[in-house]
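A.B. asks: could you work out the structure for the sequence below:
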Amino acid sequence: MIKLPPFDKNLGKDIKTIDIDGHKPTHASVLLLWYSKPTKDIKKACELGTGTGFVSFGLEKYYSLEVVGVEVIKELYTNAKKAIELNNSKKVSFFNIDVREIKKQFVAENFDMVVFNPPFHFSSSSNKKIREISRKASNELLESFVKAASYLLRNKGTFVTIISPYILSVYFTILSKNKLNPQQMCIAYGKKGKLVLLRGKKNGGIHLEIDLPVFLY
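C.D. replies: As a prediction, the model looks like this:
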């Protein structure tokens, strides 16, 4: 278990992203970046579902990691690539591929850490196409993210993810099925609901510690 600094809602204020109507960094993005503070053995990370790159840029900026971002939506991927220069990034790269196709692009077990904020709104509906695609969830899509993370992680590598508590029991089952064992959990309370942060290891021990909660209001 890693001891994290107190949550700072202003984390990432100096990260520059080129946002699109209907998609921009949220509290979930800041929480994921905070909870992804690496241990000393972590040098190379992958983010699945990067959006416009906020978390990926933060992993490099604050933790000096080499980062690979994967994003399926072409518009978000394009803007993430453009923001590399804005952030003066030297160790961040992006790939425009679906997490379901991850094995075609990457070698197995080549990352020390994988972070991901998968779509988890099963009843999501929006007239904004990008918002709809990036938020709309299904069990199959959730498992695709988890399978990709497990494939990319080295043995005993670290994963960090964020999810809605409404599907937490389902998510635990999917993670366990794919050899990702949660070992640390934090609940974040916001004005519009709650989010659950999970951190653990591939083929890690079966134990779970609960961090102090985060209050966003």
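A.B. asks: going forward, measure contacts between C-alpha atoms and count neighbours the same way
C.D. replies: Will do.
A.B. asks: need the contact list for Lys194.
C.D. replies: 164-165, 187-188 (Cα atoms under 8 Å, 6 or more residues apart in numbering).
A.B. asks: now do the SS call for it.
C.D. replies: Classification of Lys194 into helix, strand or coil gives strand, according to DSSP: H, G, I helix; E, B strand; the rest coil.
A.B. asks: where are the low-confidence patches of this protein?
C.D. replies: Flagging of the chain using pLDDT under 70 yields the residue ranges 120-137.
A.B. asks: let's see that with 80 instead.
C.D. replies: 1, 22-23, 120-137 (pLDDT under 80).
A.B. asks: quick one, phi/psi of the spatially most central residue of it?
C.D. replies: By Cα atoms, centre = their mean, the mean C-alpha position of the chain lies nearest to Phe116, the distance being 2.2 Å. Dihedral angles phi and psi of Phe116 (degrees, to the nearest 10) take the values phi -160, psi 140.
A.B. asks: for it, give me its contacts.
C.D. replies: Under the criterion of Cα under 8 Å, 6+ apart, the contact partners of Phe116 comprise 32, 47-50, 145, 160-162.
A.B. asks: may I have the beta-bridge partners of it?
C.D. replies: According to DSSP bridges, the residues that bridge with Phe116 are Leu48, Thr161.
A.B. asks: relative to Val92, how far out is it?
C.D. replies: When distance is defined by Cα to Cα, to the nearest Å, Phe116 is 16 Å away from Val92.
A.B. asks: next one: Ser56
C.D. replies: Separation of Ser56 from Val92 (Cα to Cα): 7 Å.
A.B. asks: joint contacts of the two?
C.D. replies: Residues touching both Ser56 and Val92 (Cα under 8 Å, 6+ apart) are 67-69.
A.B. asks: give me the subset of those residues lying in strands.
C.D. replies: For these, the ones inside strands are 67-69, with DSSP state E as the criterion.
A.B. asks: quick one: contacts of stretch 68-84?
C.D. replies: Where contact means Cα under 8 Å, 6+ apart, the residues beyond stretch 68-84 that reach it are 16-20, 45-53, 56, 90, 92-99, 130.
A.B. asks: can you do 6 Å?
C.D. replies: Counting contacts by Cα atoms under 6 Å, 6 or more residues apart in numbering, the residues outside stretch 68-84 that touch it are 17-18, 46-53, 92-98.
A.B. asks: the closest residue to Arg100 other than its chain neighbours: what secondary structure?
C.D. replies: Across the structure, with Cα to Cα, 6 or more residues apart in numbering as the measure, the residue nearest Arg100 apart from its sequence neighbours is Ser144 (5.8 Å). In terms of secondary structure, Ser144 is helix; the call rests on three-state DSSP.
A.B. asks: tell me how many other residues crowd Ser144.
C.D. replies: Using other Cα atoms under 10 Å, Ser144 is surrounded by 19 other residues.
A.B. asks: any idea how far the spatially closest residue to Lys9 that is not a sequence neighbour is from Lys61?
C.D. replies: Of all residues beyond its chain neighbours, the one nearest Lys9 is Val30 (6.9 Å), with distances taken as Cα to Cα, 6+ apart. Distance, Val30 to Lys61, using Cα to Cα: 14 Å.
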